[in-house]
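J.: below: sequence and its predicted model.
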Amino acid sequence: MDAIVTNISALSDDRSLLPASERPTRAEAEAAVTTLLRWVGENPEREGLLDTPSRVVKAYEELFGGYSADPAEALGRTFEEVAGYDDLVVVRDINFHSHCEHHMVPIIGKAHVAYLPDGKVLGLSKIARVVDIFARRLQTQEAMTAQIAASIQDVLNPRGVAVMIEAEHMCMAMRGIRQQGSTTTTTTFTGAFRDNPEEQVRFITLARTPGGR
């Protein structure tokens with residue numbers, strides 16, 4: 001089952017983030033995990049759980065490391081010697097793991113990103129890096145799709161950006177409706193992609209064709 005969401009407004013991520021000075025200490029974060037263990041009915045003093053609070057906090061540092069990374073900085077270096085190339089650049093099948101902001105359970109999927117250069121290009125790894133930065137934050141799939149497109153548009157200023165994300169949400173698979181295998185697809189387009197449906201079709205065809213041909 002696919003849910004298609006299109007034409008998301010590609011706005012920069014303007015959600016307020018807590019400054020470092022206002023964030024809880026590591027000890028406070030570990031105490032919160034201990035409280036949750038008690039709340040579900042576990043004994044945090046038993047042997048198997050003694051180190052769980054510190055392990056969870058350490059894991060969260062990695063899983064949510066996107067809050068300490070700047071996507072604009074990741075995209076900062078561009079290349080202008082492109083030998084006149086001005087056609088589609090597509091990076092497809094960028095695998096990611098994120099967490100939904102509603103239930104804090106995993107979102108597992110892949111992103112396809114394309115742009116039409118206007119005199120300069122990005123290193124291909126930079127696009128995957130930007131996907132990773134936004135994925136390692138609490139997200140909705142719709143917002144993440146728009147954030148990736150907006151960050152590339154703002155830094156590179158290409159003639160257009162296209163982003164498609166296909167993902168499975170564990171909040172649907174593990175709880176509530178418990179619908180396993182359901183995939184949500186979101187797309188957003190800027191510039192020439194937004195204005196030209198033929199470019200949208202070309203991008204989606206390349207993104208979904210095995211081997212990209």
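T.: Nice, I can see it. From a predicted model like this one, the values you see are computed outputs, not experimental measurements.
J.: what about the strands in this structure?
T.: Applying DSSP state E to the chain gives strands spanning 2-5, 78-79, 89-100, 106-116, 121-122, 138-139, 160-169, 183-189.
J.: right, so the ones you listed: which one is the most enclosed?
T.: Ranked by mean neighbour count under mean count of other CB atoms under 10 Å, the strands of the chain are led by strand 160-169, which reaches a mean of 24. Every C-beta, even on glycine, is put in place using the N, C-alpha and C of the backbone.
J.: list the neighbouring strands of that one plus their orientation.
T.: strand 106-116 (antiparallel), strand 183-189 (antiparallel) (DSSP bridges).
J.: hey, C-alpha coordinates of it in PDB?
T.: Extracted in PDB, the C-alpha atoms of strand 160-169 (Å, rounded to 0.1, in the frame of the first residue of the first chain):
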ATOM      1  CA  GLY A 160      15.600  22.700  -9.800                       C
ATOM      2  CA  VAL A 161      15.700  20.000  -7.100                       C
ATOM      3  CA  ALA A 162      13.600  16.800  -6.900                       C
ATOM      4  CA  VAL A 163      13.400  14.500  -3.800                       C
ATOM      5  CA  MET A 164      11.500  11.300  -3.400                       C
ATOM      6  CA  ILE A 165      11.400   9.200  -0.200                       C
ATOM      7  CA  GLU A 166      10.000   5.700   0.100                       C
ATOM      8  CA  ALA A 167       9.800   4.400   3.700                       C
ATOM      9  CA  GLU A 168       8.100   2.000   6.100                       C
ATOM     10  CA  HIS A 169       7.000   3.500   9.400                       C
END
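J.: and it, how far out from the chain's middle?
T.: In this view, strand 160-169 has its centroid 9 Å away from the chain centroid, taken as CA atoms, centre = their mean, to the nearest Å.
J.: looking at it now, give me its mean pLDDT.
T.: The average pLDDT for strand 160-169 rounds to 96.
J.: residues contacting the residue lying closest to Val56 once chain neighbours are set aside?
T.: Excluding its sequence neighbours, the residue lying closest to Val56 (CB to CB, 6 or more residues apart in numbering) is Val33, at 4.7 Å. If you count contacts by CB atoms under 8 Å, 6 or more residues apart in numbering, Val33 has them with Thr52, Pro53, Val56, Val57.
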